[in-house]
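Trainee: Compute the structure for the input listed below.
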Amino acid sequence: MLPIESYRAARWLRTINLVLQAVLFLTLFGGLNYLSIHYHWRFDLSQHRRYSLSPETISYLGELLRPVRVVVTLTPDSENPEAAQAYQDVQNLLREYLYASATNYDPKAGRDGRISVEYLDVYQRRRDAEALGIDQPDVILLLSADNHRHIVPFNDLYLHKERRREAFQGEQVITAAILDVSSPVKKKIYFLAGHGEMSPDDVSPVRGLSVLCDELRLRNYDLEGLDLSLTKRIPDGTDLIIIPSPQGRFQPREEELLRQYLSTHAGRIILTLDPAREFGLDNLLFDWGVRVDDDVIFDTNPEVITDNGDLMIRHIDGSHPVTKGLADYKVPLRISPPRSVRPDPSRPLDNALKVSILATSSPTSWGEFGYRLTSVLPAFTPGSDLQGPLGVIVISERVTAGALPFSVPGGRLVVIGSGDIFSNRRLTDQGSQILCINAVNWAVDRDTQLHIPPRPIERFQLSLSEEELAKLRLGLLFLLPGSAALLGFIVYWTRRH
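Mentor: All right, here's what the predicted structure looks like:
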C-alpha cells in the first residue's frame, strides 16, 4: 500500500482540497468586488430614464468645488400620501446625485464638491431642526459650506394641472437649488428696453418673456432691465445683454455703447429681430461680420409649413453647443416667417473673428425682398430675391490668441432672425426651450447643452369584475402553491425510483 493511499494521506488531501476551494472562492469573491467597485457600468432601462440624471445636471455637478448638504424632512410614513410618494421620488433622485458627485474629492487640490444627504424627522429631532432654521416638515433644505441656504417645498417638485400632479420636475428644481447655494455670485443678465422690446414682466403669450425669466432664474441667473436712454452706460459686471425683438431704431450713442461693451469688455449679446423692422445696429453687426437682410423667408414645401404659416427649421448644426441638443434629439424649431441672417461677405478681415450659421431654412425657401408689396403673392424672383437655404441663426465670436499657449475668449454675439422665438407662446415648444437655454449658457460660458424636462408621472389602474377577482383569488391561493407541491412530488418520485 502506497503512503499516498493511506487514510492519513487521504484526510490531508481532502483538507487541502477544502482549503484551496475556500481560497479560490474568496479570491473570486474579492476579485468580483474589486471589478464591481472600479470597473462597473450602470444602465437605466426604465421608461423616460426616470432614474438617470440629465447631461446638464451631470455637467453642473462635475464643476462643484464646495460641498453641498441636502437635508430632507420628508418621511416615508407620512399621513399625507402625496408627501409619502414625494419621499420615494426624492430618495431615488438624490441617490443619483450622491453617485454623480462622489468623485468630486481631491484633497491635494483642496477640492470637495461632494453632495451629502441627510433625512431629518422634525418632530423626533426638533432641536436639530431648530438649529437648521426648519420650522415645518415636508421641505428640502440645501446648505453650502459658507451657509448659503435654499429651501424647496415638496409641492415645487411637481407640475400640477387641475390640482393633479402631471410630472415630476425634482431634478430641475434641485439642480437649480444646488447652483444657487454653491455659486454665491450669480451671472448678471440685462434685458434691454426703450425700443419697444419684449418685456420680461409681461405674461402675455405674444410679447411676454415671463416664461423665459422663470427658466433663467431656475438656473441661478440674476435678471434686470436696462434702458440705455436713462442710464447712459452699461453697468459693470454685466455678463449678458438680451435684446428681444426691438421695434424701433437705436440711437448712435446707444449703438456705440453696445459696440464698446462687445469689443472692449468682451461682452455678450443675444439679439432677436423681426422682419420689416429697422433697428439701427448695422455698424455693430458689420464689426462682427453679420448681415441681416431686409427680407422675409417664405417656403412652398408643405413639409416645413404648419397650418398657421409657421416654418419648421430642421437644418441645424449639430456640432455647436447652442444647437447640439436640437440635432441630438432631432427636435425642429418652429418659428414665424423670419428674416435671413448670414455672414457678411464684405466683413473686414479678422483672423480672430469666427462667424457661423447654426440653423438654415430648407433648400426650397427664398428671401422675399418685395414683401411690402401686399398686392403681389410671394414668389421667388431670380436675381432679386435670395435663394435658400438661408441662415436663421448666426453666431459670431472673437477669440484672441496671445503669447500664452491658449486663447482668450472675447465677445460673443447671437443673432436670430425671428423676434418672438423666446416669447411665452414659443417657449411651449421643446425646440425653443432647448435653443433658449443653450444660447444663454454658451453666451456666458456655461456650456451645458441639454434642457432638463419634467418626467411624466405614470399611473396604472387595474379594473376587475367580481368574477375575475374571485378567479384571481383562487389562483393565488391554490394554483401557485399547488404547482410548487406538484413539482416537489415529481422530484421526490424521480429520486425514489
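Trainee: Surely R342 touches G391?
Mentor: Yes. Using C-beta atoms under 8 Å, R342 is in contact with G391, at 4.3 Å. Every residue, glycine included, has its C-beta placed from N, CA and C.
Trainee: Where is the longest helix in the protein?
Mentor: Across the chain, the longest stretch assigned as helix under DSSP state H is helix 7-38.
Trainee: now that one: how far from the chain's centre is it?
Mentor: 50 Å (C-alpha atoms, centre = their mean, to the nearest Å).
Trainee: can you check stretch 257-272 too?
Mentor: Using C-alpha atoms, centre = their mean, the offset of stretch 257-272 from its chain centre is 26 Å.
Trainee: Use 22 as the first number from now on
Mentor: Sure, I'll start numbering at 22, so the last one becomes stretch 278-293.
Trainee: Give me the contacts around it.
Mentor: Residues outside stretch 278-293 that contact it (C-beta atoms under 8 Å, 6 or more residues apart in numbering) are 249, 254-255, 259-266, 271, 302, 304-305, 308-309, 419, 430-437, 439-443, 460-461, 464-465.
Trainee: for it, what is the average pLDDT?
Mentor: On average, the pLDDT along stretch 278-293 is 92.
Trainee: Tell me the buried residues in it?
Mentor: Buried residues in stretch 278-293, counted by 16 or more other C-beta atoms under 10 Å: 278-280, 282-283, 288-293.
Trainee: for stretch 136-147, same thing?
Mentor: Quick answer for stretch 136-147 (16+ other C-beta under 10 Å): 136, 138, 141, 143.
Trainee: which sections of the stretch 172-321 of the chain are below the confidence cut-off?
Mentor: Confidence mapping of the stretch 172-321 of the chain against pLDDT under 70 gives the ranges 181-184, 205, 239-241.
Trainee: The same query, at a cut-off of 80, please.
Mentor: Scanning the stretch 172-321 of the chain for pLDDT under 80 picks out 172-177, 180-188, 197, 201, 204-207, 238-241.
Trainee: for the residue nearest to I210 when sequence neighbours are not counted, phi and psi?
Mentor: Closest residue in space to I210, ignoring its immediate chain neighbours: L261 at 4.6 Å, by C-beta to C-beta, 6 or more residues apart in numbering. Backbone geometry at L261, expressed as degrees, to the nearest 10, gives phi -160, psi 140.
Trainee: Neighbours of L261, how many?
Mentor: Neighbour count of L261, defined by other C-beta atoms under 10 Å: 22.
Trainee: And the strands in the stretch 122-271 of the chain?
Mentor: Counting by DSSP state E, counting those that start in this stretch, the stretch 122-271 of the chain has strands at residues 126-127, 132-133, 136-140, 160-165, 170-174, 179-182, 185-189, 208-214, 242-248, 261-265.
Trainee: Could you say which of the ones you listed is packed most deeply?
Mentor: Ranked by mean neighbour count, the strands of the stretch 122-271 of the chain are led by strand 261-265 with a mean of 24 (mean count of other C-beta atoms under 10 Å).
Trainee: Partner strands of that one, with direction?
Mentor: Note on strand 261-265: by DSSP bridges, its sheet partners are strand 208-214 (parallel), strand 289-293 (parallel).
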